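[1] My questions concern the predicted model and sequence given below.
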Amino acid sequence: MSQLYLASSSPRRRELLTQIGLPFHIVPASIDETPLAGESAVAYVERLARGKALAGLHFLAQRADVCVLGADTAVVLDGRILGKPADRAEALAMLQALSGREHEVLTAVAVANRDHCEARVVSSRVTFRTVSMEEAERYWETGEPHDKAGGYAIQGLAAVFVSRVEGSYSAVVGLPLCETAALLADFSIPCWQS
Ligand SMILES: Cc1cn([C@H]2C[C@H](O)[C@@H](COP(=O)(O)OP(=O)(O)OP(=O)(O)O)O2)c(=O)[nH]c1=O
């Protein structure tokens, strides 16, 4: 059986993969995350997830005995991708834009070995109650928003803003676990139940 590598520096993704009982190693995979001109959000997250998995495989010198998993999460509002906020002003602007509205969270997961690379994209819908400017400012001070797509963490303090989730909770946090397990099964990497 192949050894599984997670191409990610995200502690969330490590915790999520651990949650479903899979042993894995970590491999670095930093890639350019600039969107291409005219690229849709779905195409963007899929390209990045594949890119991270393939960069990890490259780092491991295309070893024959490994499978590498990469993922990418983007928050999409009115067709616009909200990445990680660059600074306080951008984080506050994102929270104000998300306040009192529904938005989409897209997460792509990709698995690659030397022969092929497969990906799935999962779309979820998250609704925020109204968030006041004072709350947004306090939230920024907690330090939670800076490394999160859309400037919030549903699994963290921002849970108090979320009135509804439709879709995959684990995908919003950073890795769609149901789809990940299915994808890994296709690569003959069994999860806890098989
Ligand atoms: C919307 C949302 C995002 N996030 C996080 C998940 C991802 O870590 C991050 C999105 O950025 P990504 O670029 O997908 O991932 P990353 O840079 O953190 O890690 P890597 O590329 O090395 O795998 O936002 C949450 O933790 N909670 C949430 O509710």
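    Cool, got the structure.
[2] now the strands for the chain?
    Applying DSSP state E to the chain gives strands spanning 3-7, 25-27, 66-77, 80-82, 102-112, 117-128, 162-166.
[3] So for Cys178, which of those sits nearest?
    The closest of the strands of the chain to Cys178 is strand 117-128. By C-beta to C-beta, the value is 8.6 Å. For the C-beta atoms, the positions are set from N, CA and C on the backbone; glycine is no exception.
[4] How many residues are close by Tyr5?
    Tyr5 has 23 neighbouring residues, counting by other C-beta atoms under 10 Å.
[5] actually Ala37, not the one I typed
    Neighbourhood size, Ala37 [other C-beta under 10 Å]: 5.
[6] Could you do Glu33 as well?
    Residues near Glu33, counting by other C-beta under 10 Å, number 14.
[7] Centre of the chain to the longest helix seen in the chain, how far?
    Assignment by DSSP state H gives helix 41-59 as the longest helix of the chain. Offset of helix 41-59 from its chain centre (C-alpha atoms, centre = their mean, to the nearest Å): 11 Å.
[8] Present the strands of the chain as a markdown table; the columns should include distance to the ligand.
    Shown next, in a markdown table, are these (distance: least, C-beta to the nearest ligand atom, whole Å):
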| stretch | distance to the ligand |
| --- | --- |
| strand 3-7 | 7 |
| strand 25-27 | 10 |
| strand 66-77 | 4 |
| strand 80-82 | 9 |
| strand 102-112 | 5 |
| strand 117-128 | 8 |
| strand 162-166 | 8 |
